[in-house]
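In: the amino acid sequence is not available; the structure is as follows:
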């Protein structure tokens with residue numbers, strides 16, 4: 001079996017806003033993330049293309065300049081997370097969100113509980129939960145925004161089925177402010193896997209290994225020159241896989257190639273960047289055993305002690321025929337002697 005562990009690359013996260021972001025610092029820790037925080041007035045727009053995830057932390061409005069830059073950012077493979085304030089400027093927000101078939105309608109000053117989790121969404125279908133939970137400590141909000149009717153299905157839902165968190169085209173959108181006045185979501189166990197996986201999905205590092213012949217995808221941080229391509233190499237072959245180039249990364253996709261299992265080096269003009277491992281699908285080696293309960297004239301036992309007692313008892317029963325034969329021979333011999341000497 002082939003596998004490899006590459007040096008861990010940090011995911012770049014940029015938070016924009018004046019609202020307290022200490023809860024993000026506790027989730028996006030230094031060992032895995034490169035977190036930076038700027039107010040809207042101090043924002044250096046040149047830093048945006050270097051990021052993997054941008055968090056709009058309760059901005060009252062999204063200026064046209066920022067909206068334009070963020071649209072270009074998501075088109076280049078970046079991810080945006082929008083946390084609205086309690087009172088948004090609808091026009092500026094909807095100008096940005098309309099690009100992603102999202103948008104706010106009106107604010108609803110009503111208490112709602114978050115009661116439903118979309119377990120099939122990529123944020124939660126990778127082993128976050130051992131089993132589906134129907135009764136947990138429901139977070140709540142004191143006010144939220146209704147979404148436009150064409151909004152995609154939610155990731156987290158209120159008790160009436162309306163989205164609390166939704167996503168489309170690399171853009172995640174909360175429908176309520178997360179500050180402590182409006183919500184207790186920051187204290188909910190849901191916040192850590194939700195925000196953590198949003199960031200982890202913004203840059204897909206190579207896994208330990210992939211299966212040959214399956215649909216696989218991973219990302220490499222690199223700035224390619226014009227007409228530059230990444231190559232997969234090992235001692236036997238050199239492959240140019242399917243790839244999509246963005247500003248600061250390349251998304252590599254493999255399916256029919258490679259066809260041989262092994263460790264491949266991702267190279268750019270002969271320079272090694274990462275190692276990627278491929279193995280043959282091991283599911284063919286999974287053994288399927290005959291269900292002996294379906295076989296006739298077969299007895300089963302769930303206890304070793306009981307089994308030995310049964311075998312011992314059957315052995316004793318089977319040994320009795322020997323004594324019957326011995327007694328029969330003795331009686332026959334006795335009868336012959338009587339007939340011979342007492343005739």
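Out: On my side now, so go ahead. Quick caveat, the model's predicted, so the values are computed rather than measured.

In: can you show me the helices along the stretch 51-200 of the chain?
Out: When assigned using DSSP state H, counting those that start in this stretch, the helices of the stretch 51-200 of the chain occupy the ranges 64-75, 90-97, 191-201.

In: redo these as TSV? Include distance to residue 325, mean neighbour count and mean pLDDT.
Out: Every C-beta, even on glycine, is put in place using the N, C-alpha and C of the backbone. Formatted as TSV, the entries for those read as follows, by distance: least, CB to CB, whole Å; neighbours: other CB atoms under 10 Å; pLDDT from 0 to 100:
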stretch	distance to residue 325	mean neighbour count	mean pLDDT
helix 64-75	92	16	91
helix 90-97	96	18	91
helix 191-201	76	19	90
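
In: now those helices as TSV including distance to residue 176?
Out: Putting the helices of the stretch 51-200 of the chain into TSV (distance: least, CB to CB, whole Å) gives the following:
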stretch	distance to residue 176
helix 64-75	21
helix 90-97	13
helix 191-201	13
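
In: of those helices, which is nearest residue 116?
Out: Distances from residue 116 to each of the helices of the stretch 51-200 of the chain were compared using CB to CB; the minimum, 13.4 Å, belongs to helix 191-201.

In: helix or strand next in line after that closest one, which one?
Out: Next along the chain after helix 191-201, taking DSSP states H and E as the criterion, comes strand 210-211.

In: what is the rounded mean pLDDT of that next one?
Out: When pLDDT is averaged along strand 210-211, the result is 78.

In: kindly report the same for stretch 169-182.
Out: Per-region confidence: stretch 169-182 scores 92 on mean pLDDT.

In: buried set for it?
Out: By neighbour count on 16 or more other CB atoms under 10 Å, the buried set for stretch 169-182 is 170-179, 182.

In: so which of the residues you listed is the closest to residue 19?
Out: Proximity to residue 19 was ranked across the buried residues of stretch 169-182 by CB to CB; first place goes to residue 179, at 6.3 Å.

In: so what's the backbone phi/psi at that closest one?
Out: phi -60, psi 160 (degrees, to the nearest 10).

In: and of the buried residues of stretch 169-182, the nearest to residue 227?
Out: Out of the buried residues of stretch 169-182, the member with the shortest distance to residue 227 (by CB to CB) is residue 170, at 26.0 Å.

In: isn't the closest one right next to residue 79, touching?
Out: Yes. Taking CB atoms under 8 Å as the contact criterion, residue 170 and residue 79 are neighbours in contact, 4.8 Å apart.

In: quick one: closest of the helices of the stretch 51-200 of the chain to residue 24.
Out: For those, the distance to residue 24 is smallest for helix 191-201, at 7.1 Å, taking CB to CB.

In: thinking again about what came up before, narrow the buried residues of stretch 169-182 to those in strands?
Out: Judged by DSSP state E, strands contain the following of those: 171-174.

In: which residues does residue 195 contact?
Out: Applying CB atoms under 8 Å, 6 or more residues apart in numbering, one finds that residue 195 lies in contact with 24, 27-28, 81.

In: for residue 201, which non-adjacent residue is spatially closest?
Out: Nearest in space to residue 201, with sequence neighbours left out and distances taken as CB to CB, 6 or more residues apart in numbering, is residue 122 at 6.3 Å.

In: got the domain boundaries for the chain?
Out: As given by automatic domain parsing, the domain ranges for the chain are 11-201, 217-283.

In: what mean pLDDT does the shortest one get?
Out: Mean pLDDT, domain 217-283: 81.

In: including distance to residue 248, could the buried residues of stretch 169-182 go into JSON lines?
Out: Rendered in JSON lines, the data for the buried residues of stretch 169-182 read as follows (distance: CB to CB, whole Å):
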{"residue": "170", "distance to residue 248": "15"}
{"residue": "171", "distance to residue 248": "18"}
{"residue": "172", "distance to residue 248": "20"}
{"residue": "173", "distance to residue 248": "24"}
{"residue": "174", "distance to residue 248": "26"}
{"residue": "175", "distance to residue 248": "30"}
{"residue": "176", "distance to residue 248": "32"}
{"residue": "177", "distance to residue 248": "31"}
{"residue": "178", "distance to residue 248": "28"}
{"residue": "179", "distance to residue 248": "32"}
{"residue": "182", "distance to residue 248": "35"}
